[in-house]
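Participant: Structure here, sequence nowhere to be found:
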């Protein structure tokens, strides 16, 4: 049976209204944990619709998943920011809403960076939300160009002490496998890396990989 999908509006501390969707299993919920998925950079076309396939896959596997449009994207109000620090407020607000309205004290943050910033924003937010028990990055941009814009986000996630999983294609155009290994060698806490052989940055984050991403996320949840 197809998962249940419900829409809601979440308001941030600075008054932005975020269009949010909750994907729920029709069968028994496996875990109190909720997966909050953060979409790619709004200013380059990122929106929650890009994460629908993964969210549906998680709900089909027994987990509740939440997607939302960050400020300036989709039906959310406000404007996107260049460096992503305003968007961190959006992630914090959605996680607080999840904790209050879905009766969950365990949240897994998943950041997708198909256009550079969803993963850094999720990473920066993780340390600000006590209910977050882990973080998954789908294509984190650690390359030089991304470091110039988002270097402060990099520092936040590398110092984050809770379990982290980084998923990347071996043909990623923004970050090389060597760059990823070098960055993660200095990361705090439990760190896992999963490489998808032959996949490019945008290719890996297309719908053909949604089921594999859902499997990797649920496998990581089992270790938390």
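Facilitator: Looks like it came in fine. As the structure is a computational prediction, the values presented were derived from the model and not from experiment.
Participant: Pass me the low-pLDDT residue ranges in this protein, would you?
Facilitator: The model of the chain has pLDDT under 70 over residues 41-44, 82-84, 114-127, 142-154.
Participant: hmm, 50 instead?
Facilitator: 114-120, 148 (pLDDT under 50).
Participant: All the strands of it, residue numbers only.
Facilitator: For the chain, applying DSSP state E gives strands covering 4-11, 17-24, 34-38, 64-68, 107-112, 132-138, 164-169, 191-196.
Participant: could these be laid out in JSON lines, adding mean neighbour count and distance to residue 157?
Facilitator: Bear in mind the C-beta positions are built from the backbone N, C-alpha and C, glycine included. Listed next are those as JSON lines, based on neighbours: other Cβ atoms under 10 Å; distance: least, Cβ to Cβ, whole Å:
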{"stretch": "strand 4-11", "mean neighbour count": "13", "distance to residue 157": "23"}
{"stretch": "strand 17-24", "mean neighbour count": "21", "distance to residue 157": "22"}
{"stretch": "strand 34-38", "mean neighbour count": "27", "distance to residue 157": "12"}
{"stretch": "strand 64-68", "mean neighbour count": "28", "distance to residue 157": "20"}
{"stretch": "strand 107-112", "mean neighbour count": "28", "distance to residue 157": "9"}
{"stretch": "strand 132-138", "mean neighbour count": "25", "distance to residue 157": "7"}
{"stretch": "strand 164-169", "mean neighbour count": "24", "distance to residue 157": "7"}
{"stretch": "strand 191-196", "mean neighbour count": "16", "distance to residue 157": "10"}
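Participant: Beta-bridge partners for residue 137, please?
Facilitator: Beta-bridge pairing for residue 137 (DSSP bridges): residue 111, residue 166.
Participant: That one and residue 6: what is the separation?
Facilitator: As judged by Cβ to Cβ, to the nearest Å, residue 137 and residue 6 stand 27 Å apart.
Participant: And residue 38, by the same measure?
Facilitator: Distance, residue 38 to residue 6, using Cβ to Cβ: 19 Å.
Participant: ok, now residue 213?
Facilitator: Relative to residue 6, residue 213 is positioned 22 Å away (Cβ to Cβ).
Participant: Check residue 33 too.
Facilitator: According to Cβ to Cβ, residue 33 stands 18 Å off from residue 6.
Participant: could you dump the strands of the chain to JSON lines with distance to residue 86?
Facilitator: Output for those, formatted as JSON lines (distance: least, Cβ to Cβ, whole Å):
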{"stretch": "strand 4-11", "distance to residue 86": "14"}
{"stretch": "strand 17-24", "distance to residue 86": "12"}
{"stretch": "strand 34-38", "distance to residue 86": "14"}
{"stretch": "strand 64-68", "distance to residue 86": "14"}
{"stretch": "strand 107-112", "distance to residue 86": "16"}
{"stretch": "strand 132-138", "distance to residue 86": "19"}
{"stretch": "strand 164-169", "distance to residue 86": "24"}
{"stretch": "strand 191-196", "distance to residue 86": "28"}
